[in-house]
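[1] Requesting a structural model of the entry that follows:
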Amino acid sequence: MLLLQNLKQMKIIKLLFAALLLCVGIIGCEEDNEQIWEIFPNGKQTTIEKKVNGIAFKFCLLNEEGKPTTVFKEGENITFYFRITNRTGQKFYYNAYQCAYWDDFFSVVDDSGQAIGKSYEALPQTDITIATYPFNNNDEYIFKVSWTHLEEAVIKGGDFKYKSKKREPLKAGTYYTSLSHKFKLTAVSGNKHLETDELNFKINFKINFKIE
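    Predicted coordinates for the structure are as follows:
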């Protein structure tokens, strides 16, 4: 009788363990499908670099030495960097400048969830047709925007021309910047349009107190 009870208990334990593995597998699949990439202060990774459907992405923050990092000194200027590259082996059209109009693009949020905003304004575009924006194999578009600006001016960072906003350096604390978007490359004759699922990038970063 005791042996039978033990066997039943072992069977129940195995079933529970199998159910747990199934749940973990389902959660993992959901995270892969959602395409969520996140980095943290003091972590080994200071840059998000991914390739999806032949489109390569690089997202990071740069210190005043131009090096990627997630930890800054108080008073230090921060530069936001985002690069998109065509690695598909095909020709497309793509207006990368549209990224600049997204509400979350290069926007800063503090650890309480309070939105601090951006340090730039996107300039109006006058081009009408997508054919104005060829995006051939190995072509890339780079966005670079500094956080601290002493005055308003039209500035070019990488390939991106924008109007700066007057911003003081961020105070010591923890913050994040993120962006979520679907990317679509428009076909050149004979090719199919290329579109990603929604991709989610998030950089958590920290500004340390200045040591006098």
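[2] how close does Ile160 get to Tyr97?
    Heads up, residue 160 is Phe, not Ile. Separation of Phe160 from Tyr97 (Cβ to Cβ, to the nearest Å) stands at 7 Å. Using the backbone N, CA and C atoms, a C-beta is placed for each residue, glycine as well.
[3] So which of those two has more stuff around it?
    Phe160 (21 against 18; other Cβ atoms under 10 Å).
[4] Around the nearest residue to that one once chain neighbours are set aside, count how many other residues there are.
    Nearest non-adjacent residue to Phe160, counting by Cβ to Cβ, 6 or more residues apart in numbering: Phe143, 4.4 Å away. Residues lying near Phe143 (other Cβ under 10 Å) number 22.
[5] and if you look at Thr88?
    By other Cβ under 10 Å, 19 other residues sit near Thr88.
[6] Was I right to think it contacts Leu194?
    Yes - counting by Cβ atoms under 8 Å, Leu194 is a contact partner of Thr88 at 6.5 Å.
[7] which residues are common contacts for these two?
    Shared contacts of Thr88 and Leu194, defined by Cβ atoms under 8 Å, 6 or more residues apart in numbering, comprise 53-55, 185.
[8] Mind checking which of the residues you listed land in strands?
    With strands taken from DSSP state E, the overlap with these comprises 55, 185.
[9] mind checking how far stretch 86-98 is from the chain centre?
    18 Å (Cα atoms, centre = their mean, to the nearest Å).
[10] care to break the protein down by domain?
    What the record gives for the chain is the domain set 1-34, 38-208, from automatic domain parsing.
[11] ok, and the closest non-adjacent residue to Lys51?
    Of all residues not flanking Lys51 in the chain, Arg87 sits nearest, at 6.2 Å (Cβ to Cβ, 6+ apart).
[12] Is there a neighbour count for the one you found? I'd like the number.
    By other Cβ under 10 Å, the residues close to Arg87 number 14.
[13] so what's in contact with Phe160 and Tyr97 at the same time?
    Common contacts of Phe160 and Tyr97 (Cβ under 8 Å, 6+ apart): Tyr141.
[14] Run a quick neighbour tally on Lys165.
    By the criterion of other Cβ under 10 Å, Lys165 has 15 neighbours.
[15] how many other residues sit next to the spatially closest residue to it that is not a sequence neighbour?
    Among residues not flanking Lys165 along the chain, Ser119 sits closest, at 5.3 Å (Cβ to Cβ, 6+ apart). Neighbour count of Ser119, defined by other Cβ under 10 Å: 23.
[16] quick revisit: so which of the shared contacts of Thr88 and Leu194 is the most crowded?
    Of the shared contacts of Thr88 and Leu194, with other Cβ under 10 Å as the count, Leu185 tops at 24 neighbours.
[17] Who are the contact partners of it?
    Under the criterion of Cβ under 8 Å, 6+ apart, the neighbours of Leu185 are 55, 86, 88, 92-94, 135, 193-195.
[18] I figured the residue nearest to Lys165 hits Arg167, correct?
    Yes - Ser119 is in contact with Arg167 according to Cβ under 8 Å; the separation is 4.6 Å.
[19] anything in contact with each of those two?
    Residues touching both Ser119 and Arg167 (Cβ under 8 Å, 6+ apart) are 147-149.
[20] before we move on, the earlier item: got CSV for the contacts of Leu185, with secondary structure and pLDDT too?
    As requested, those are arranged in CSV below (DSSP: H, G, I helix; E, B strand; the rest coil; pLDDT from 0 to 100):
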residue, secondary structure, pLDDT
Ile55, strand, 97
Asn86, strand, 98
Thr88, coil, 95
Phe92, strand, 96
Tyr93, strand, 96
Tyr94, coil, 97
Phe135, strand, 97
His193, coil, 93
Leu194, strand, 95
Glu195, strand, 94
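[21] Having no further points to raise, I will conclude here.
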